[in-house]
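Chemist: sharing a model prediction with you, sequence too.
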Amino acid sequence: MTLSPEQWPVIGWDGITVRVPPQWQPTVILRDYLFFEDEGRPVLEMKWRHAGRRFAPDRVLKKIGKTFGQGGAALRKWSLPPALEELLQPFAATGFACREGSLDSRGLLLFCPACGRATLLRFHDNPGEEQTMSLVLSSFRDHADGDDLLWAVYDIRAVLPAAAKLRAHEFLVGRFTLTFSLDDSDLTLLRFKPAAALLNNRDLCAFGASLADPARPAGPVAPDSCTWVEEAGGPKRLLRRLQKKPLWTWLKLWHIADENVILGAKGEGKRGAPGSTIMEDIRRRYTARPAA
């Protein structure tokens, strides 16, 4: 089934959101860099940084040109078509083109006067795909309008407070892990797939026991979810402080059978626990996207 551009999956990362064709898959994911491929062929790379209020695109292009030149590539300016310039408002947009061997690519430097972020987008050789480029760019945003950020990649989607800062991430076969710092706490989002094979006839409580330690299951156990809660008190609390270990742990795993996936949200902190209501709200806004 061919999806219309309005149905393309949304990628959300570090404040960046953009819709890309479903066959474009991120193969390199860093804190400030995304690289997409289509069946092993490079199609798009994106890199961003905070540039303040004095962004000099010519200086940036000069640096990029030196980097490309070391690999035998030639960088030149590319004049954006008027329709594309209009599409990209209110960004300050500067175009460039590059030729490496027999492959061409076109790129843009976008500067947002509202947030001061500068983003480089480079579309790799893809003849006849000007319309796809325009559709991707029309969906591009470099900052959120509200107090929350979308983190969406592959088949996971989470909406977190903007104060949550990404500390580490890992995308392994069968397991995704994203760890954030939020106030005085650590927040970890987990994803396990294929759930049926990983559970292997175990229930969720048995599956998640090692992840929850030292917490123990709390409340009634449901077939498709399990919650662990633990907060140290008395002498144990002082000992945890001396050992620089978390004073509290909250973990919830839930099984989405239709998507054959297990999701998890875990919180830990060295100060007072934020309360189950806050953690449940984070869990509620963390979901698995149906396969296209």
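Modeler: Happy to help now that I have it. Just so it is clear, the structure is predicted and the values come from calculations on it, not from any experiment.
Chemist: so residue 55, which of the three states?
Modeler: Classification of residue 55 using DSSP: H, G, I helix; E, B strand; the rest coil returns coil.
Chemist: check which helix or strand covers residue 29.
Modeler: Residue 29 is located in strand 25-30, with elements delineated by DSSP states H and E.
Chemist: tell me which residues in that strand are buried?
Modeler: Buried positions in strand 25-30, judged by neighbour count with 16 or more other CB atoms under 10 Å: 25-26. For the C-beta atoms, the positions are set from N, CA and C on the backbone; glycine is no exception.
Chemist: I'd like the mean pLDDT over it, please.
Modeler: The predicted model gives strand 25-30 an average pLDDT of 97.
Chemist: heading C-terminal from that strand, find the next helix or strand.
Modeler: Per DSSP H and E, the first helix or strand lying C-terminal to strand 25-30 is strand 33-38.
Chemist: give me the contact list for the strand holding residue 29.
Modeler: For strand 25-30, the external contacting residues (CB atoms under 8 Å, 6 or more residues apart in numbering) are 11, 13, 34-38, 45, 153-154, 169, 171.
Chemist: report the buried members of those.
Modeler: Buried residues within the contacts of strand 25-30, defined by neighbour count using 16+ other CB under 10 Å: 11, 13, 34-38, 45, 153-154, 169.
Chemist: hang on, the earlier thing: partner strands of the strand holding residue 29 and their direction?
Modeler: Strand 25-30 pairs in its sheet with strand 33-38 (antiparallel), by DSSP bridges.
Chemist: quick one: residue 154 and residue 171 touch, right?
Modeler: Yes. Look at residue 154 against residue 171 with CB atoms under 8 Å: they come within range, at 7.1 Å.
Chemist: go through stretch 49-69 and flag the buried ones.
Modeler: Residues of stretch 49-69 classed as buried by neighbour count (16+ other CB under 10 Å): 51, 55, 57, 60-61, 64-65, 68.
Chemist: let's see which of the residues you listed end up in helices.
Modeler: Counting by DSSP state H, the part of the buried residues of stretch 49-69 found in helices is 57, 60-61, 64-65, 68.
Chemist: taking the residues you listed together, which two end up most distant?
Modeler: The largest distance within these, taken as CB to CB, falls between 57 and 68 and amounts to 15.6 Å.
Chemist: from residue 253, how far off is residue 222?
Modeler: When CB to CB, to the nearest Å is applied, the distance between residue 222 and residue 253 equals 11 Å.
Chemist: please identify the helix or strand for the residue nearest to residue 265 when sequence neighbours are not counted.
Modeler: With CB to CB, 6 or more residues apart in numbering as the criterion, residue 265 has its nearest non-adjacent residue at 4.2 Å, and that residue is residue 283. Following DSSP H and E, one finds residue 283 within helix 276-284.
Chemist: which strands and helices sit next to that helix?
Modeler: Taking 3 or more CB pairs under 8 Å, 6 or more residues apart in numbering; DSSP states H and E as contact, the helices and strands that helix 276-284 lies on are strand 248-256, strand 261-269.
Chemist: point out where the stretch 101-250 of the chain drops to low pLDDT.
Modeler: Counting by pLDDT under 70, the stretch 101-250 of the chain contains low-confidence ranges at 126-128, 232-244.
Chemist: now the strands: where do they sit in it?
Modeler: For the stretch 101-250 of the chain, strands defined by DSSP state E, counting those that start in this stretch occupy the ranges 103-111, 117-124, 148-153, 156-161, 165-172, 175-182, 185-192, 216-217, 225-231, 248-256.
Chemist: could I get those as TSV with distance to residue 132?
Modeler: Written out in TSV, the entries for the strands of the stretch 101-250 of the chain read as follows (distance: least, CB to CB, whole Å):
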stretch	distance to residue 132
strand 103-111	12
strand 117-124	8
strand 148-153	20
strand 156-161	23
strand 165-172	25
strand 175-182	27
strand 185-192	29
strand 216-217	49
strand 225-231	40
strand 248-256	31
